[in-house]
Structure formats: C-alpha cells, structure tokens
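[1] with the input below, show me the fold.
(2 chains)
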Amino acid sequence: MSEATLTETPTPDDDGVVETADHGTHIEYTDDHGHPETTTGLSNNKLGMWLFLGSECLLFGGLISTYMLYRGRHTGTPGPAQLWDIPLTSVSSFVLLMSSLTMVLAVSAAQQRDDRQTIVWLSVTALLGSTFVGAQVYEFTSFYHEGVGFTTSLFSSSFFTLTGFHGIHVTVGIILLMSLVGIISRSEVPGDKAEVVELIGLYWHFVDIVWIVIFTLVYLIPA
Amino acid sequence: MAIIEQPSAVPALPTGDVPQFVTPASSYGVFRRPVTTTGWRSWIFTVDHKKLGLMYAVSATFFFLVGGIEALLIRTQLLSPDNTVLSASVYNQMFTMHATTMIFLFVMPVTTGLANYFVPLQIGARDVAFPRMNAFGFWCFLFGGIFLNTSWLLGGAADDSWFIYQPNANALFSPTHGVDFWSLGLQITGIASLTSALNLIVTVLNMRAPGMTLMKMPIFTWMVLVVQFLLVFAIPVITVALFLLMFQRVFGAQFFNVDAGADPLLWQHLFWIFGHPEVYILILPSFGIVSEVLPVFSRKPLFGYKFVVFSGAAIGFIGWGVWAHHMFASGLGPVSVAVFSVSTMLIAIPTGVKIVNWTLTMWGGKLWFSTAMLFAIGLIVEFTIGGLSGVTHAVSPSDTQQTDTYYIVAHFHYVLFGGAVFGIFAGFYYWWPKVFGKMLSETLGKWNFWLMVIGMNLTFGPMHILGLQGQPRRMVVYPEKLTGEGFFNLHFWNSVASIGSYILAIGVFMFLVNVWHTTRKGAPSPLDPWDARSLEWLTTNPPKEHNFDTIPHVHALDEYFHLKYEEVDTDAGPRLVKVRTAEELQAEQEANADKHIHMPSPSYWPIVLAIALPIMAYGIIYSIVLTVIGGAILLLAAYGWALEPSTAPESDYDPPEGGSPTKELASV
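    Numbering: from 1, shown residues only, chains lettered A, B, ... in the order given. Below you'll find the model as predicted:
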C-alpha cells in the first residue's frame, strides 16, 4: 500500500480495521430498480436559459425600484403626467404582446420541423418587435423635444435608464431573431434547431412580460 | 448568444436532422478550430474545466499577492504616528483596491477555480455543462482584473473604499478615472461570475453520475451550488448599481446628485443587497472545503451531513434578509433596524450548527494533524471569533458605536481571512496531490500555517482594541499626541498589528516556497494519499483529460470510501475493513474504460469575445471609437461562437496519424 510512504498516515488498527466512530458510516444502497434521478429532465441549454432569466428578474427589479423611488422627483421640469401619451404606448404595448403570439407560432412551426413557416413567423416577430422599438425611439425623441433629456431630473434619468434597458433587451432579441432566420435559411444551426428557437422564444416572452410590469407601474399607475 | 450551446453530457454529433446539412467546413464557423493539445495554444483556447480551474486559481493567487502588497503598504503607513510612507490620496486608493482585489479578484475567482476543477470530478462528470462559456468566464475575470488594475497607471485607482458610497464617489469628490475603472472592471468580472454560476448550477443539477442523488453529493459540491444561486441573483443587483454609477459619472445622469434631490441610501441599498449575499459567496465554498477535509483527517464521516447541507442552504436564504445591518448608522428608522437586527441574529443559528457539526466530526475521531487539517481547524477557531464579534454588530445599539471603526475591520478580517482564506489554503494542501501528483511539504506547510495563524491574530486581534478605542476605518495618519497612554495606547497596538502583518506575509511566502520546493523536488504522490472519501480521488493524479475512464455508479454518500471499505461482523461488533485499495479501484476503472470518449473541442471564441469587453470599457472612458471597435469584435465573436458546434465532428480534426484520431481515446 502506497500510504506507507507517508510518515503520518493514520493506519487502521493492527487487525486492519478502522473503527466505526459513527453509525453514519453504514452503507445505504439504493434500490437498483428505482433509478434515482440525477438530472432535472430539462436540457442543459434550457435550464441555463431559465436561470439566466431568473437573474434578469433581479436586474429589472433593481431598475424598477430605482424608477419607483425617483418618479416624483422632477422639480420644475415636466413629469409623467405631462409627458405620457397613453394611447400611443398602449398600441405599441399591444404590438409587443402580439409578437409573443407570433413567437409561439414560430416555436410550434420549428417543432414540426417546418423551416419555411418558422422563418416566416420569426420574421413577423422581429418586425413587430422593431415596431415597438420604433415607437419607443419616437417617444424618447418627443420627450426630448418637450425638454426632458437623460440628465434633466432624477425622474428622467431613471425613466430613460429603465425603459432604455428594456429597449436594448428587445433590440438584442430582434438581432437574435434575425440571426436565427439567416442561420436557419442556410441550415447551419448547430444543435437542435427547435430547441434554439424555443430558447430565443423564452427570452422573447420574458422581455414581453417585463414590459407588462413596466407599462403598468410606469405608465398606468399615477405617480 | 452564449446560452446556445450543445449539451456536453453526451458528447456526440449534433442531434436531429442537422448533421446532413453541416459540412465540415461550415462547422468551423469562420476559422478552423484549434486542435493543439500542447503549448500555450492548448491553454488559451482550452475549454477543459481542469485547465480553466487551474488558470483561475493561478491568476487569483497572483491577485492575492497584489492585494497582499497593498495591505502591507497600508500597515506600514500605520506602523507609527505621523507616518509619511503613503500620501492620503494614495492611501485611499490603496485600501480601496486592497478590498476590491481581495474580494473580487482573489476569493471569488479562486473558489470558482476550485469549484471548476473539483465539482465535475466530485459528481462523476467528464466536463461541465457549458465548456466554452466556462472559458469565457475565466477570460472575463482575468481581463476585468487587469483592466481594473491598469487604473493605477492611468491617473489613479478608485479611492472611495470598496463600497464606493454616494455621493462621495461622484465626479466632484473623486475626479480621477479610478471610479470609472472600478465600475466598468467590476461589470466585466460580474459577467464572469454570472456565466460561471449558470454553468456550475446546470452542471450540478443535470450531469451527476448515475445514482448520485442530491443528498449523496459531496458537501463541497453542495456549498458551491448554494453559492452559485446566490451569484445568479446577487450579481444583477450590483450590475444595476454599477450601471447607475457609470451613467452618473460618464453621461451626467442624476441618480446620486443630492442637489437634484437624490437619495444617497439608494446606492447603499443596491450595494448591500448584493453585498451581503456576497459575504456568503466568499465564505460558503470554504465551509464546503473544511467539511471535506475534517472527515478525511478525523477518519469519520461528516457529523450530521444533512444538517450541514440544510444549514448552508439556510444561510443562503437568510443571507438575503440581512443587508441593512450594514446601514444601521444611516438613520433607517427603528422598525427597519429592529427587523434587520433580528434577522442578522437568526443567521448565526445555521452558522452555529455548522460549527457544532465540524466539532462533533472531530470528536472521538483519529485526528491526523496534516497541514490541510490544521487550516481547517484554524478556520473553525478563527471564524468563530469573527462570528462572535459579528453578533455584536447585530445588536444595533452596539453596532452604532462600532460602525466605521477598526472593530469592523477586525471582524471581517477574522471571518474572511480566518474563514475564507484558511479554508482555501486547506483546499490547496488537501487537493494539491490530486492536481499536480506531488505532495506539498508538510514541514514547510506547518511553518506556513503557524506563521499565518500567529500573523493574522497579531494583525487583526489588536484591531478590536483599536476600534473600541474609536480609531476610525480608512484613517491615513494618527498624531503622536492623540495616541493615549497605557494599555490602550494606539501607537502600541497599531505597531503590533503592522508587525503581525509582516509575520502573516512571511507565512504566505512560506506557501510560495513550498510550491517552488514541491515543484522542483517534491515526492510523487500516492494515488490516494489521505485515504479520502469522495469521487474526485477515483482517478489518476493528476486526473486524465476525460476524468474517468468509466463513469462511476454511485450507491452511497462518500462513495469512494465505501468502495474501499466494507462492513464486516467481527467479535467486537460491526467494523469497516479495507477490502480494495485505490490502485485496485484504478485498475478496475481502466479495465472497464469506455472506448469512445469525445470531449468538447477547444475554441477561439471565448477569449476573443472576452477581450472585446475591456476594449469597449476603455472606449467608454477615453474614446467612443474604441467602444465601436470592441463592439464589432464582440459581434463577430458572438456569431463565430453561435455557428460552431460545442463538440467538433470527427471530420474536423486533423487526419489521424498512426491510426488513432486525435481526440478518440482508446482504452489505456
């Protein structure tokens, strides 16, 4: 036994026995017919995506808290009541929510291995997302012309940061969707194509759900 | 994009109907994949969890030395009254960067490195869930750390203490780029933490060997799992805070502008909602390590395994509800203070449970005082001292007296140095033969341990006295005439602390000497030098690239121990008798070796993607052009990454020479 090379190795008793100092050493064998689960059943990618989205919740949680703290602090400059254009934002919110529907159709088509339909619905989703981002750019521009820029007040800084972060998330989603369209049409998806579509779908739905929260807290509930 | 990656649990060709469309050329993405297995290329393009774990540990240890030198300069400045070693400005940078380096660039990455190396081995896996993301995380940490430290050369480092309180850190009071480097650098290392957390959680939850249920996992793996959940939810909160800080300083946002009506407590809340879970992120891996080390060197199973697991998880949960105890002096109001006082006292319970379990693990055991064991016992003792002074902070009236004094400094160095760092050193000594196949010298190890213990108690012990005498934290100089007389003389205790820090430094130096000595003429390690209990020892030293020749089937907690020992009835009742040696088990592994093992392929993209981040960060500080260049690299690397499969098809490798393809491992 190689342990003999060490001077301080604790050796079992002379009879070659190590004492059971605690009953915990008894071996507990599992029934072999009932295989214990050693995975979650979700694929690595999907589990990773869910964890990432969990992490994103805290990111938006921090940004939303900041906005809620500062939304009333805009002394002498226009605040929410003067700026909001609820009909416009409602329409763009509706467009974004509809994009979740088209995303579901894309996932469904991908699971049926229908590349053409997948590409169509992914493109429609990206188009609807772009409409939303376009409306947001328009909204930001009009606020700026009304004298509310990023540095104007605590309210404006936190508003533009929160909605800007959301807009960036939608934009990244659009880039992912368009890249996916390009990659699928050249049949170069490494891995399970339907799962890749589903993963991007998860991200897309998450971004939509965050917007529901933001739209409610920021636009609908008066400060 | 990083999420889209082939699962590597069953490394094989891409599934489904894809392969017929993937020609070898297209599966390269843009370039041919790196295939070298030796030389520097095999390191910088690697996705192997063991190489990455080693790189994490080596880089982090380098930053440990940097942070240590910063600490020595701080103590030298405070060695005697009216000292002028450091100017006030440099001193401010020194303690800020000392803390930042030790927390973000040493303890976090070194524990990530140990987790990377040993978690797959402990759960009987061949690799991690996202090998390329793992590599990306390492490079983000390294580049983020280097980026952060370049601030020393570019006008000065951050100088507002490690929590960068507002509005003290706005451009008016902190005019250099130091805070900008700090906020951007920590964003980059934050990405590293987040990716490694996602990777390790999925690895642990999805890739355990057959039979290894959650309650049969080694305790280190359990603690790492808890820590990764803390990271997943804590990192985004500091990310928000860092973004607000960056927008404030770079783009003129108002978040912390008190003139505009900003609330300075916003920063404090965001920072400490991250900051308190962070404390457990630092300490729990070390708890895991000593929970591995103590049973092995006590020749007993861990006492109350389930209690240790659940108290670790409880610490993880309660750790989210105590952050405001860092803010008792900020005027939160009596209700908040009372609530956070009570929750802070509550968290002492699961911690106490662990201390009891460790003590009872040793109770009645056959103790072997190896260096690893000494460090583990050192953790129990020193952490308990730090934990007790921590309870005095939970009592808010007493905390109000202690806030921002050296008493706090004493407390967190006892738990972080005496706790986290001792645990890490226990891990170094315990796992060194596993990683390098050589034994660290026990003689030098004993010197290393005792000098560090004496040094740390001399350094941080007197700080209790200094703090209760009212010496404030971050104090650059104290005049001779105000040092007082007799036992509570500030000059005397400051000198003791400074001399203690030199002894501590010699202790750490002994570790480096030990490493140098061992590398040059250390004895080769036996296969199972400690008669260990968990699965990482069921492979060669150092482990093979594919970890296990055949994936073990797990039947019990401490599986490896139970493979070696079986219970037999003797006259004196049931006894455990050694029935197989480590060598026999290894031979058994090799006899049953799997014939075809495909490991994840190396990739260029992780390092390319990571290098884009500091380029973009420099751009935010100096010139938008750099940001655009960095962004372009980022986009290119993201596409390259997305277009290449995690495991390259066989045809992508160079034509096999002499029959055996490069990556196909025949049975040995």
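
[2] look up how far chain A lies from the nearest residue to B:Lys50 once chain neighbours are set aside.
    Once flanking residues are discounted, B:Lys50 sits nearest to B:Tyr117: 5.5 Å by Cβ to Cβ, 6 or more residues apart in numbering or on different chains. All C-beta atoms are positioned from the backbone trio N, CA, C, and that covers glycine. Distance of B:Tyr117 to chain A, computed by Cβ to the nearest Cβ, to the nearest Å: 20 Å.

[3] mind listing the strands for chain A?
    Ranges of strands in chain A, per DSSP state E, are A:17-18.

[4] coming back round to it: what count of nearby residues applies to the residue nearest to B:Lys50?
    Counted with other Cβ atoms under 10 Å in any protein chain shown, the neighbours of B:Tyr117 add up to 24.

[5] and the nearest residue to B:Lys306 once chain neighbours are set aside, how many neighbours?
    Nearest residue to B:Lys306 in three dimensions, chain neighbours excluded: B:Met215, at 6.9 Å (Cβ to Cβ, 6+ apart). For B:Met215, the tally of surrounding residues (other Cβ under 10 Å) stands at 11.

[6] over to B:Ala610?
    Neighbour tally, B:Ala610, other Cβ under 10 Å: 25.

[7] wait, it touches B:Phe147, no?
    No - if you go by Cβ atoms under 8 Å, B:Ala610 and B:Phe147 don't touch, sitting 10.8 Å apart.

[8] A strand includes the residue nearest to B:Lys50, no?
    No - read with DSSP: H, G, I helix; E, B strand; the rest coil, B:Tyr117 is helix and lies in no strand.

[9] mind showing which ranges of chain A have poor pLDDT?
    Applying pLDDT under 70 to chain A picks out residues A:1-36, A:188-191, A:223.

[10] quick one, what contacts the residue nearest in space to the middle of it?
    Taking Cα atoms, centre = their mean, the centroid of chain A lies closest to A:Leu53, which sits 3.6 Å from it. The neighbourhood of A:Leu53, defined by Cβ atoms under 8 Å, 6 or more residues apart in numbering or on different chains, consists of A:202-203, A:206.

[11] surely the residue nearest to B:Lys50 touches B:Met55?
    No - B:Tyr117 is beyond contact range of B:Met55, at 10.1 Å (criterion: Cβ under 8 Å).

[12] wait, is B:Pro210 part of a strand?
    No - read with three-state DSSP, B:Pro210 is coil and lies in no strand.

[13] and it, what pLDDT?
    Predicted confidence (pLDDT) for B:Pro210: 93.

[14] give the closest residue to it in space, chain neighbours not counted.
    Closest to B:Pro210 by Cβ to Cβ, 6+ apart is B:His553, at 5.0 Å.

[15] give me the number of residues near that neighbour?
    13.

[16] tell me the SS of it?
    B:His553 is classified as coil under three-state DSSP.

[17] and it, backbone torsions?
    Main-chain torsions, B:His553, degrees, to the nearest 10: phi -100, psi 130.

[18] now do the contacts for B:Gln228.
    B:115, B:196-198, B:200-201, B:204.

[19] can you confirm it is in a helix?
    Yes - counting by three-state DSSP, B:Gln228 is located in a helix.

[20] the closest residue to it other than its chain neighbours: which element?
    Distance criterion Cβ to Cβ, 6+ apart; nearest residue to B:Gln228, sequence neighbours excluded, is B:Ala197 at 4.1 Å. Counting by DSSP states H and E, the element that carries B:Ala197 is helix B:178-206.

[21] show me how far stretch A:104-119 is from its chain's centre.
    Relative to its chain's centre, stretch A:104-119 lies at 21 Å (Cα atoms, centre = their mean, to the nearest Å).

[22] can you mark which positions in it are buried?
    A:105-110, A:118-119 (16 or more other Cβ atoms under 10 Å in any protein chain shown).

[23] where exactly do the helices run in the stretch 151-300 of chain B?
    B:178-206, B:219-251, B:264-298 (DSSP state H, counting those that start in this stretch).

[24] sorry, that was for chain A
    A:44-70, A:80-83, A:86-111, A:115-145, A:154-185, A:193-214 (DSSP state H).

[25] and the shortest one, C-alpha only, in CSV?
    Extracted as CSV, the C-alpha positions of helix A:80-83 are listed here (Å, rounded to 0.1, in the frame of the first residue of the first chain):
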residue,chain,number,x,y,z
PRO,A,80,-45.0,61.7,-16.0
ALA,A,81,-48.4,63.5,-16.1
GLN,A,82,-47.3,66.0,-18.7
LEU,A,83,-45.3,63.5,-20.8
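
[26] contacts only, for residue 163.
    Because you didn't say which chain, this covers chain A. A:136, A:140, A:214, A:218.

[27] oops, chain B please
    Going by Cβ under 8 Å, 6+ apart, the list of residues near B:Phe163 reads B:268, B:271-272, B:275.

[28] which pLDDT value goes with it?
    Value for B:Phe163, per-residue pLDDT: 92.

[29] any idea which element B:Pro574 lies in?
    According to DSSP H and E, B:Pro574 maps onto strand B:573-578.

[30] what is the rounded mean pLDDT of that strand?
    On average, strand B:573-578 scores 86.

[31] before we move on, back to that, which one of the helices of the stretch 151-300 of chain B lies closest to A:Thr39?
    The closest of those to A:Thr39 is helix B:178-206. By Cβ to Cβ, the value is 4.6 Å.
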